[in-house]
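Participant: Quick one, structure for this:
(3 chains)
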Amino acid sequence: MDILAELNPPQREAVETINGPVLILAGPGSGKTRVITHRIAYLIKVCGVSPRRIMAVTFTNKAAREMEERLHRLVSGSVNDLTIGTFHAICARILRRDGKAIGVDPRFVIYDDEDQISLIKRSLQGVGLDPKQYAPRAIQSAITAAKSRLLTPADYLQRSRSYFDEVVQRVYERYQQLLTESTALDFDDLLMKAVHLFRQNPQLLSRYQSRYLHLQVDEFQDTNLVQYELMKQLAGKFRNICAVGDPDQSIYSWRFADLRNILNFEKDYPEAKVILLEQNYRSTRLILETAGHIISANQQRKPKELWTDNEPGVPTTVVETYTEQEEAQFVVNEVEQLVSQGEFKLGDCAIMYRTNAQSRVLEEAFIRYGVPYKLVAGTRFYERREIKDIIAYLRLIQNPYDSVSLLRIINVPQRGIGQRTLSELSQWAGSTGLSEYKALQLLAEQKESEATEHRPPFSPRSVRALTGFVDMMEGFIGRSQKLNLVDLFDLVVKSSGYKEYILAGVDGEERWENVLELRTVVREYRDLKPLDGLTVFLEGVTLVSDVDGLDESVSGVTLITLHQAKGLEFPVVFIVGMEDGILPHIRSFDDPGQMEEERRLCYVGVTRAKQRVYLVRAFRRSLMGSSTINGPSRFLQDIPPHLISGGGLWQGEDSQLATAMYSWNKPLPARVATPELKDGDHVRHAQFGDGVVVSCRPVGDDAEVVVVFDGAGIKKLLLSFANLEKV
DNA sequence: CGAAAGGCTCTTTTT
DNA sequence: GAGCCTTTCG
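Facilitator: Sure thing, here's the model as predicted:
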């Protein structure tokens, strides 16, 4: 059977164990994707399971697409009936089809992060609180946390402990009201409502349970409790659930992903078979060892030994530059060199960083040196103002009750509907118990009939402006029944006056280009039935993730955050910003749990690499305007010297370093000036305290020192990193 | 009502 | 350094 042919024994077992629950703990590069696809192919081709009875959950749409393609090749038949996608996309589908049972209108729109914040601000005002006093972000996070534990506002009330809880509870309640009034669901609702739907409709659940004979979840370590609950519901009948994950790559706890899911799995499914995939096929041996040293410093961790038959490869290059500009310069130079030597292509290289803000300097350097690059995200396309505006128009056509979209574009371009008119509108709408749009419709009708029952409080000028807007929208809505999506798009952009508005503003040309770019996306939906096209398009643009746009067929260096890099691999990986305060991020300093997650993030980065790893840091960098000096990342200390190759200080062509050293009277705390140490010397270390040197041997232009510390025990340190003080 | 200017606070990571 | 909010003036 060729589906099993190229698999090692544990992989094979993972593919063949199709009855009952299976937990696959898969180290990086252990052929996880291969196992999942082969397993599904095996189910279809060998076991004769119909694709429509299989559900596979992936972390991104891109992963889903790729898996579908691979399956297509493996099965050499149609897999169109397979249910495959992210949790959010799958839940949206379920709710559109069956959500009515719990009062979910199938025309719902999905609110993204930004929409949520704007709605939370309105909710705060709605309950008489000041959005400046209570950070909307913090409240949003608390609401997400609540929803991740399936708590409704009423449940939250009972658990309310603190003053902040109380605030959250009130806002949460109002926020849900506004969502309902807007016929909208936020990201978390998609998951929570799906679970509620099944809880309240056992017969519906039973239908789904009977349909899905096999369930497959990828990146299991990054699922939250709701997602786990949903899978548990769906697997309730057949219990054929296969979860794949790696606790060492859990990096989404801030999104309330919960590692306990892995522990609970074995509790909820005591008959589960646990399979370990420990052979790495991706990285060189030295890279794997480096990664191993980094991750094994975590305390809260089940030890696990990965191994590989691959070549040893070359040691990791560790480099310090003076500023983040030079860091970028180094990266670009090095990439050019690697490429010119012919061993690697541009597309083989990826630059990874902790925070999005770091991408700018890198981008500038790549532009300056004319090296092609692919930025994953950046100012993410769908978050641009002009894109969100157009989408708001389209959302409003699908669902005029969408208040976030309404308020967003009611005066864009300017139609003489100002702040004052708007607050009068919402007050008037509120007092008559109508949604904003209903109120507007009423107003437009009244203009003709002069009915005076609820006299709207607007000046004639405002009335004209408002009714003008309603008439326009009603026109769009009418036409939307017949027009294909491209024509609808063109109609909206033209008749709303948006095109002139954009072109007249700052960066008009560039922003208009973006609108046209969106139009090319829209073209893919041209052939769908008018209203379906709109729905599918809107859902697609809301649930996209940034990596979804990453195109391997385009040549260029990839610029990507460490989080986004999960699940990907590259021959050459640069991790920049290897500094305490960046990676690990400063926000994790006071929480050991968070610190461990930072370490896992670093581990994820290193294990993306097949051939080469560069760990780069800047001596000083500007953060939020001002310049800061960060020490080397503490994670570097956990890599033994023999796995590191020199590098050391690097100076760019117009380095500011020389100038700096000249103007400062003392040299930089450079490794040039490390003290000579010999056995028996007493030393002091910032972290470990006092100790005695037991050995010191040169490594490259550095030295490896072994010290017995009074408190901290025996440590192997790299002289230049350790900052030892002789006492 | 709207444009312009100045002041403020942050930035971790994202479906 | 940038986006967001408030203030001010026409």
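
Participant: Tell me the pLDDT of the nearest residue to A:G236 once chain neighbours are set aside.
Facilitator: Among residues not flanking A:G236 along the chain, A:Q209 sits closest, at 5.2 Å (Cβ to Cβ, 6 or more residues apart in numbering). C-beta: built from backbone N, CA, C; applies to glycine. Listed pLDDT for A:Q209 reads 97.

Participant: show me where pLDDT drops low in chain A?
Facilitator: Scanning chain A for pLDDT under 70 picks out A:1, A:378-379, A:447-456, A:646-649, A:651-676, A:687-688, A:695, A:697-704, A:711-718, A:720-722.

Participant: Stretch A:215-233: which residues count as buried?
Facilitator: Along stretch A:215-233, these residues count as buried under the neighbour rule (16 or more other Cβ atoms under 10 Å): A:215-233.

Participant: Same check on stretch A:63-74?
Facilitator: Neighbour count says stretch A:63-74 has A:A63, A:A64, A:E66, A:M67, A:E68, A:R70, A:L71, A:L74 buried, by 16+ other Cβ under 10 Å.

Participant: hang on, the earlier thing: my guess is the residue nearest to A:G236 meets A:K232, correct?
Facilitator: No - at 10.8 Å, A:Q209 does not count as touching A:K232 under the criterion of Cβ atoms under 8 Å.

Participant: Quick check: residues of the stretch 251-400 of chain A near DNA strand B?
Facilitator: A:I251, A:W254, A:R255, A:R354, A:T355, A:N356, A:A357, A:A377 (Cβ under 7 Å from any atom of the strand).

Participant: So which of those residues is surrounded by the most neighbours?
Facilitator: Highest neighbour count within those, by other Cβ atoms under 10 Å: A:R354, with 24 neighbours.

Participant: Now for it: which residues touch it?
Facilitator: By Cβ atoms under 8 Å, 6 or more residues apart in numbering, the contact list for A:R354 reads A:T561, A:L562, A:G577, A:I582, A:L583, A:H585, A:L601.

Participant: where does the fourth one fall, phi/psi-wise?
Facilitator: Okay, so that is A:I582. phi -110, psi -60 (degrees, to the nearest 10).

Participant: can you list contacts of the top helix by length along chain A?
Facilitator: Longest among the helix segments of chain A by residue count, using DSSP state H, is helix A:460-480. Here helix A:460-480 makes contact (Cβ under 8 Å, 6+ apart) with A:393, A:396-398, A:400, A:410, A:415-417, A:421, A:424-425, A:437, A:440-441, A:443-444, A:447, A:456, A:458, A:488, A:491-492, A:495-496, A:530-531, A:534.

Participant: do stretch A:596-606 as well
Facilitator: Applying Cβ under 8 Å, 6+ apart, the contact partners of stretch A:596-606 are A:28, A:248-251, A:253, A:287, A:290-291, A:294-295, A:297-301, A:316, A:352, A:354, A:562-563, A:565-566, A:573, A:575, A:583-585, A:588, A:613, A:633, A:635.

Participant: From these, list the buried ones, please.
Facilitator: Among the contacts of stretch A:596-606, those classed as buried by 16+ other Cβ under 10 Å are A:28, A:248-251, A:253, A:287, A:290-291, A:294-295, A:298, A:316, A:352, A:354, A:562-563, A:565-566, A:573, A:575, A:583-585, A:588, A:613, A:633, A:635.

Participant: Next to DNA strand C, which bits of chain A? Give me the list.
Facilitator: Contact residues, chain A versus DNA strand C (Cβ under 7 Å from any atom of the strand): A:K121, A:K132, A:T379, A:S622, A:M624, A:G625.

Participant: Filter these down to the buried ones.
Facilitator: Buried among these by 16+ other Cβ under 10 Å: A:K121.

Participant: Looking at the residues of chain A next to DNA strand C, which is nearest DNA strand C?
Facilitator: Nearest to DNA strand C among those is A:G625, at 2.9 Å by Cβ to the nearest atom of the strand.

Participant: what residues are up against that closest one?
Facilitator: Here A:G625 is in contact with no residue (Cβ under 8 Å, 6+ apart).

Participant: That one and A:A184, how far apart?
Facilitator: Distance of A:G625 to A:A184, given as Cβ to Cβ, to the nearest Å: 36 Å.

Participant: which residues sit against the helix or strand encompassing A:V361?
Facilitator: Secondary structure assigned from DSSP states H and E places A:V361 in helix A:359-368. Outside helix A:359-368, the residues that touch it by Cβ under 8 Å, 6+ apart are A:324-325, A:327-329, A:331-332, A:351, A:353, A:372-373, A:375, A:377-378, A:557, A:559, A:561, A:576.

Participant: So which of the residues you listed are in strands?
Facilitator: Residues of the contacts of helix A:359-368 located in strands (DSSP state E): A:I351, A:Y353, A:Y373, A:L375, A:V557, A:L559, A:T561.

Participant: Which of these ranks first by neighbour count?
Facilitator: Highest neighbour count within the ones in strands among the contacts of helix A:359-368, by other Cβ under 10 Å: A:I351, with 29 neighbours.

Participant: so how far is DNA strand C from that one?
Facilitator: A:I351 is 19 Å from DNA strand C, where distance means Cβ to the nearest atom of the strand, to the nearest Å.

Participant: wait, that residue sits on A:T561?
Facilitator: No - between A:I351 and A:T561 there is no contact under Cβ under 8 Å: 10.2 Å.

Participant: for DNA strand B, what are the nearby residues on the stretch 601-727 of chain A?
Facilitator: Within the stretch 601-727 of chain A, the positions near DNA strand B by Cβ under 7 Å from any atom of the strand are A:M624, A:G625.

Participant: quick one: buried residues of stretch A:331-346?
Facilitator: Across stretch A:331-346, burial judged by 16+ other Cβ under 10 Å covers A:V331, A:V332, A:N333, A:E334, A:V335, A:L338, A:V339, A:F344, A:L346.

Participant: Give me the contact list for it.
Facilitator: Applying Cβ under 8 Å, 6+ apart, the external contacts of stretch A:331-346 come out as A:348-349, A:351, A:362, A:365-366, A:368-369, A:371-372, A:555-557, A:571-572, A:574, A:576, A:611-612, A:614, A:616, A:652.

Participant: Show the buried residues in those residues.
Facilitator: Among the contacts of stretch A:331-346, those scoring as buried are A:348-349, A:351, A:362, A:365-366, A:371, A:556-557, A:571-572, A:574, A:576, A:611-612, A:614, A:616, A:652 (criterion: 16+ other Cβ under 10 Å).

Participant: number of nearby residues for A:D155?
Facilitator: A count of nearby residues for A:D155, using other Cβ under 10 Å, gives 13.

Participant: so who does the residue nearest to it when sequence neighbours are not counted touch?
Facilitator: Counting by Cβ to Cβ, 6+ apart, A:D155 lies nearest to A:A146, which is 7.7 Å off, once chain neighbours are set aside. The contact partners of A:A146, by Cβ under 8 Å, 6+ apart, come to A:D155, A:Y156, A:V168, A:Y172.

Participant: In helices, which of these fall?
Facilitator: Counting by DSSP H, those place A:D155, A:Y156, A:V168, A:Y172 in helices.
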